[in-house]
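structure here, sequence nowhere to be found:
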């Protein structure tokens, strides 16, 4: 089955919002084994909308549209899509009742034009909206499936996962299952080189590398009728990757470095504290992004001045005077200070020059990461700049990654004592 | 002039990355007065690429493509686009020299297949790549303009701003100028209602509202041949908005709440410290995202446990025992503690329940923001949940916004003493 994604909205065409719906639906359709070869964005314009729908249905079996289901006269998606399939719009009492309940629950007033949102194409499946007003719609005609979903991701995503995915899964024979191997400390091309033969000969499962800022993910995907048969295909491939690149792998299906860190801390019953300078609290933020972080994270100290490094973390004046705040010695004292001030088992510290300008005469991209624990201490000197323009954001992100990875490594080293 | 955006890449089609290039280019083209009615994504497939290019050039004057300019045989954009316009590819020594210099600068080895990246369509304008290897290309044929840009945003965006924008600006008669009015504490629909007559009758300038998480932006846009004439159109409109919604406006063209806060602190010569619980250091992170924050930001204390609130911030045991960590009293003591421990002029604190679960028996979304200074202290009790699913990220973001806004307000109150 081939599918296509058509996102409707002037705010997308003007670039006021980034099209996260496109990425979300693409990922979900790929997981369902539906090949997506086109994604399109058009505005709330009846003519162009009609053309886009007809083009999509002429070349794909499935079209998923998002946006344009609101109550105003600018919202044309449902009317245009129904007309393209030759279906009249009919009143749907259940959709109306849901909407009324939503307004009652959120203490807002329903306006007369919300009634338009309770109209659905004749014979269509209705996907109720638990998080907003516009219901979604599923239609079939001449072997083509057309699905309309609301634009806000907070409404669209739960609706897709709970209602549309089962609706579609019944219509595709094969399902795709993936495992994601997470690597750190190796570039995408080096990883690719180590696996080239597998990538070139692999049909089921396939192996595809993806680079994120400073990280590489390998997605291993198998097509199979069920999870068990997929696992039988995936496991040997993941094993082979582990054999070749094991020392760079920090997890399989772990999501992110911060999730892996929170998980590892929790499993070992350890607590963490952070001391940050150039990353501005970014390590703490990423750790606490993970639900359940409160069980393993004690505190984060973001010390942006030398005075604060001394008073909050106990970094010695001599260290700052002789080596500077961006130094291996300062990083280690910050990590030790984070532990000492909070009683955490592990203290991790980042100090460096994020830019735009040099600091202490040291170049942008020079970063020290230190990690301190009762069983081991480590310091890393990093050179993260590529020498091109303003790299503040990238240097900060990479420095955070290295700090999170250092936490993972020191936990491992405790296990292998 | 009408324009179209075509982003090429299997990683986009699979949803592995979000298409930020589409949003960036859409915004930039809108600012140049180029109407964009279609955005498309296709993969690295010669047939579909060719079809998409031909369709776009049949209906638009300008096509901007991103991605598929890499060195591998999967990268087909340049070859396909040149073929569509009937232009052969020629060796470009300057592009090659730039690429060689880039490899030398970053200490990486140039491989044989990078030579392919130095081939450009005959007669094309070449946009040099300061941040990567693939040069960009601009071509004209039969009154149509076709521009090819590299896929990575870190390469594409600076190339567009420095080279493509001037290339295009010369080809459109009129230019659009915008001012952005930033509002906080009012919803999009209420803002719209207050300005409806201006929005409906306004042609030049136009006023358009955009909602971000908990913020509303009003973009006022004038079409004019030059900046001065645009200003004459924009100023009265901004003035009228200020007259109607002044108490919600925290700045014009200020970018973000954190930029406005850093600017205001700097102008007044004040310093800030943060004390955070549920936001996990997010306020500190956003403040330190702003270059120059080091002049006004002393430290951020992210205290995730009661013990840390006591030892690092001096919150009293009684307060935590009687009112709990999520309380007005705890927030105020955290803000005072941040000031006391760091010597900053202003301390701002956030404590609340981000979810997913309740905490201390208190509901998700309950957040207290407190701000403390020598001239004024304030506490706000916020209810940020909408009662729908996992709202952790949204509650955290909104809580950060309120904390940053509280800092702006207390600075203003100092001025108006």
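It's in. Note that the structure is predicted; figures quoted are calculated from it, not measured.

how about the residues of the stretch 101-250 of chain A near chain B?
With C-beta under 8 Å from any C-beta of the partner chain as the criterion, the stretch 101-250 of chain A meets chain B at residues A:105, A:106, A:130, A:131, A:154, A:158, A:210, A:219. Quick note: C-beta positions are derived from backbone N, CA and C, even for glycine.

from those residues, which single one is nearest chain B?
residue A:131 (4.3 Å; C-beta to the nearest C-beta).

in strands, which of the residues of the stretch 101-250 of chain A next to chain B appear?
The subset of these located in strands under the criterion DSSP state E comprises A:210, A:219.

now rank the residues of the stretch 101-250 of chain A next to chain B by neighbours and give me the top one.
Using other C-beta atoms under 10 Å in any protein chain shown as the contact criterion, the top neighbour count among these goes to residue A:131, which has 19 neighbours.

which element is the residue of chain A most remote from its centre on?
Here the centre of chain A is the reference, and by C-alpha atoms, centre = their mean the most remote residue is residue A:318, at 42.8 Å. Counting by DSSP states H and E, the element that carries residue A:318 is helix A:317-322.

check which helices and strands that helix sits against.
Counting contacts by 3 or more C-beta pairs under 8 Å, 6 or more residues apart in numbering or on different chains; DSSP states H and E, helix A:317-322 is packed against helix A:306-313, helix A:328-342.

quick one: which of these is nearest residue A:262?
With C-beta to C-beta as the measure, helix A:328-342 is the member of these nearest residue A:262 (16.5 Å).

show residues contacting the closest one.
With contacts defined as C-beta atoms under 8 Å, 6 or more residues apart in numbering or on different chains, helix A:328-342 is touched by A:273-275, A:277, A:298-299, A:301, A:303, A:309, A:312-316, A:319-320, A:322-324, A:344-351, A:368-373, A:377, A:379, A:381, B:308, B:311-312.

off-centre distance for that helix?
Averaged C-alpha coordinates place helix A:328-342 at 31 Å from its chain's average position (C-alpha atoms, centre = their mean, to the nearest Å).

show me which residues of it are buried.
For helix A:328-342, burial by neighbour count (16 or more other C-beta atoms under 10 Å in any protein chain shown) applies to A:328-339, A:341-342.

what's the closest non-adjacent residue to residue A:82?
Spatially, and ignoring its direct neighbours in sequence, residue A:82 is nearest to residue A:121 (4.0 Å; C-beta to C-beta, 6 or more residues apart in numbering or on different chains).

I figured the one you found hits residue A:86, correct?
No. Residue A:121 is not in contact with residue A:86 according to C-beta atoms under 8 Å; the separation is 9.6 Å.

if you count what's nearby, which of the two comes out ahead?
Neighbours were counted for residue A:121 and for residue A:86 using other C-beta under 10 Å; residue A:121 has more, 25 against 9.

and that one, what is it in contact with?
In this structure, residue A:121 makes contact with A:78, A:81, A:82, A:85, A:87, A:88, A:89, A:90, A:137, A:139, judged by C-beta under 8 Å, 6+ apart.

the worst-scoring helix or strand of chain A on mean pLDDT: how far from the chain's middle?
The least trusted helix or strand in chain A, going by mean pLDDT, DSSP states H and E, turns out to be strand A:206-212, with a mean of 78. Its chain's C-alpha centre and that of strand A:206-212 lie 15 Å apart, by C-alpha atoms, centre = their mean.

buried residues in that strand?
In strand A:206-212, residues buried by neighbour count (16+ other C-beta under 10 Å) are A:206, A:207, A:208, A:209, A:211.

again, but for stretch A:49-61
Going by neighbour count (16+ other C-beta under 10 Å), the buried part of stretch A:49-61 is A:49, A:50, A:51, A:52, A:53, A:55, A:56, A:57, A:60, A:61.

check which helix or strand covers the first one.
Put plainly, it is residue A:49. Using DSSP H and E, the element containing residue A:49 is helix A:46-59.

and the angle from that helix to helix B:46-59?
Relative orientation of helix A:46-59 and helix B:46-59, computed by axes from the mean of the first three to the mean of the last three C-alpha atoms, to 10 degrees: 160 degrees.

contact partners of helix A:46-59?
A:2, A:4, A:6, A:8, A:38, A:40, A:42, A:63, A:65, A:68, A:76-77, A:79-81, A:83-84, A:144, A:146, B:37-38.

state the distance from the closest residue to residue A:134 other than its chain neighbours to residue A:96.
Here the nearest residue to residue A:134 in space, its sequence neighbours aside, is residue A:69; by C-beta to C-beta, 6+ apart that works out to 3.8 Å. Distance, residue A:69 to residue A:96, using C-beta to C-beta, to the nearest Å: 14 Å.

the two - which one has more neighbours?
The residue with the greater number of neighbours, taking residue A:69 and residue A:96 and applying other C-beta under 10 Å, is residue A:69; the counts read 28 against 17.

to residue B:244, which of the helices and strands packed on helix A:317-322 lies closest?
Counting by C-beta to C-beta, residue B:244 lies closest to helix A:306-313 out of these; the figure is 42.9 Å.

mind giving me the packing neighbours of the closest one?
Using 3+ C-beta pairs under 8 Å, 6+ apart as the contact criterion, the elements in contact with helix A:306-313 are strand A:297-303, helix A:317-322, helix A:328-342, strand B:297-303, helix B:328-342.

check which residues of it are buried.
By neighbour count with 16+ other C-beta under 10 Å, helix A:306-313 contains the buried residues A:306, A:308, A:309, A:310, A:311, A:312, A:313.

thanks a lot, see you next time.
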